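Q: sequence unavailable; structure follows:
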C-alpha cells in the first residue's frame, strides 16, 4: 500500500523530470533545426529551409513560454496563499484547487508537454521527409 505522502513525492519527482525533458527536447529541437537551417556542410536534401524550421521553432518556443507561465502561475498561487496565511495567522493551509492561478499552473504544465511533443513530431517528420 502506498501513502498519500509517497504519491506526492513521486508526483514532485516526475514533474521535475518532465520539466527537465521539456527543456532538453525543446532546446535540442531548436538547436538541430537552426543547425540544419544555416549549415552548408550537410547534403542539400537534408538542409532545412526557413519554412521547415519555423514549424519547429514556434511550438518549441511556445513550450518554453508555457514552462515560464507554469512557474509564474505557481509563484502567484503560492504568494496569494502565503498572504492569506499571514493575514489569518495560519501555520497550515491547503491550495484551493478552484483558484485561477492553481488551474493556470496545471494548464501551462499540460500545454508545455503538448507543444514539446508537437515540436518533436514535426522535427522527426520533416527529417524523414527530407531523407526519404
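A: Received it, and whenever you're ready, just let me know what you need. As the structure is a prediction and not an experimental result, all values here were calculated from the model.

Q: these two touch, right, residue 55 and residue 122?
A: Yes: using Cβ atoms under 8 Å, residue 55 is in contact with residue 122, at 5.2 Å. The C-beta positions use only the backbone N, C-alpha and C, and glycine is treated the same way.

Q: how close does the most centrally placed residue in the chain get to residue 79?
A: Geometric centre of the chain, nearest residue: residue 112, 3.2 Å, by Cα atoms, centre = their mean. Note on residue 112: its distance to residue 79, by Cβ to Cβ, to the nearest Å, is 21 Å.

Q: re the thing from before, how about the residue nearest to the centre of the chain: what's its closest non-neighbour residue?
A: Excluding the flanking residues, the one nearest residue 112 by Cβ to Cβ, 6 or more residues apart in numbering is residue 66, at 3.7 Å.

Q: what is the helix or strand the one you found falls within packed up against?
A: According to DSSP states H and E, residue 66 maps onto helix 50-88. The helices and strands touching helix 50-88, judged by 3 or more Cβ pairs under 8 Å, 6 or more residues apart in numbering; DSSP states H and E, are helix 4-38, helix 100-131.

Q: contacts for stretch 15-34, please.
A: Stretch 15-34 has contacts (Cβ atoms under 8 Å, 6 or more residues apart in numbering) with 48, 52-53, 56-57, 60-61, 63-64, 67, 109, 112-113, 116, 119-120, 123.

Q: pull out the buried residues from the helix holding residue 66.
A: For helix 50-88, burial by neighbour count (16 or more other Cβ atoms under 10 Å) applies to 52-53, 55-57, 59-60, 62-64, 66-67, 69-70, 73-74, 76-77, 80-81.

Q: how close does residue 113 get to residue 22?
A: Residue 113 is 7 Å from residue 22, by Cβ to Cβ.

Q: please read the previous query as pertaining to residue 75.
A: Distance, residue 75 to residue 22, by Cβ to Cβ: 18 Å.
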